[in-house]
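[1] Compute the structure for the input listed below.
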Amino acid sequence: MNKEERRYGKFTIPAVMLRLSHESVQRIYKEVIPTRVEFMYDADAFMVIGISELFDTLKEGEQIPEYEIRVDTFKNKKAELKITKVE
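    You can find the predicted model right below:
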């Protein structure tokens, strides 16, 4: 990813995931550089905005899209990320 690319995304991490499976959260942060993390009390989740090569490139003025990130820890004992853009 070069400096000119704008690959921002927004997603949530349920607080229970942090309490029960911190390995999954670590796997997410291997791929995403967080630029903002905010705890949303009403949803009991962390709202994260970050930069990653896994996110689509944004044009100037485009809003940051929301993604759903799933961590599958059962395949070959390796944690795999599945990232889907929420339309």
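[2] Which strand residues bridge Ile33?
    Using DSSP bridges, the bridge partners assigned to Ile33 are Ile51.
[3] Not counting its neighbours along the chain, what's nearest Arg36?
    Ile49 (4.3 Å; Cβ to Cβ, 6 or more residues apart in numbering). All C-beta spots, glycine's among them, are computed from the backbone N, C-alpha and C.
[4] I'd like to know how many residues surround the one you found.
    16 (other Cβ atoms under 10 Å).
[5] need the contact list for the residue positioned nearest the centre of the chain.
    With distances taken as Cα atoms, centre = their mean, Phe11 lies nearest the centre of the chain, 5.0 Å away. Shown in contact with Phe11 (Cβ atoms under 8 Å, 6 or more residues apart in numbering): Met47, Val48, Gly50, Glu66, Tyr67, Glu68, Ile69.
[6] if we can go back for a sec, am I right that the residue nearest to Arg36 sits in a strand?
    Yes. Using DSSP: H, G, I helix; E, B strand; the rest coil, the assignment for Ile49 is a strand.
[7] which stretches of this protein have low pLDDT?
    1-3, 73-79 (pLDDT under 70).
[8] My guess is Glu38 contacts Met47. True?
    Yes. Taking Cβ atoms under 8 Å as the definition, Glu38 is a contact partner of Met47 at 4.9 Å.
[9] Show me which of the two is the more surrounded one.
    Neighbours were counted for Glu38 and for Met47 using other Cβ under 10 Å; Met47 has more, 15 against 10.
[10] got the contact list for the more buried one?
    Met47 neighbours (Cβ under 8 Å, 6+ apart): Lys10, Phe11, Thr12, Arg36, Val37, Glu38, Phe39, Met40.
[11] Cool, thanks, signing off.
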